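Asker: this one's structure only:
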């Protein structure tokens with residue numbers, strides 16, 4: 001009723017080679033749009049996340065990009081290594 005249009009699109013992928021657990025990888029891509037054409041308001045949020053591992057660490061990668069119209073108003077990218085521990 002308020003004229004807000006909401007769209008969301010996501011793609012989740014998982015990969016691993018048989019008998020090689022260190023090739024495991026996951027990736028998540030999300031795209032969200034909020035749009036009010038009656039007042040010319042249009043914002044989008046795009047995210048990308050990945051997780052991989054080696055023999056000693058998990059590694060995460062994340063990126064977020066926020067747009068108003070075509071202009072990027074916020075963008076951040078970061079990585080983090082997390083030691084593997086046996087519990």
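Answerer: Thanks, I have it. Everything numeric in this text was worked out from a predicted model, so none of it was measured.

Asker: Just the pLDDT for residue 43.
Answerer: If you check residue 43, the pLDDT there is 97.

Asker: Could you do the one 5 residues further on as well?
Answerer: At residue 48 the predicted local distance difference test score is 98.

Asker: what about it, neighbour count?
Answerer: Residue 48 has 16 neighbours, counted by other CB atoms under 10 Å. Backbone N, C-alpha and C define where each C-beta goes, glycine included.

Asker: which stretches of this structure form helices?
Answerer: Taking DSSP state H, the chain contains no helices at all.

Asker: At which residues are the strands of it located?
Answerer: With DSSP state E as the criterion, the chain has strands at 5-17, 20-36, 41-53, 57-68, 71-83.

Asker: what comes into contact with the fourth one?
Answerer: This points to strand 57-68. If you take CB atoms under 8 Å, 6 or more residues apart in numbering as the criterion, strand 57-68 is touched by 42-53, 72-84.

Asker: Paired strands for it, with orientation please.
Answerer: strand 41-53 (antiparallel), strand 71-83 (antiparallel) (DSSP bridges).

Asker: Over to the second one?
Answerer: In the sheet containing strand 20-36, its partner strands are strand 5-17 (antiparallel), strand 41-53 (antiparallel), by DSSP bridges.
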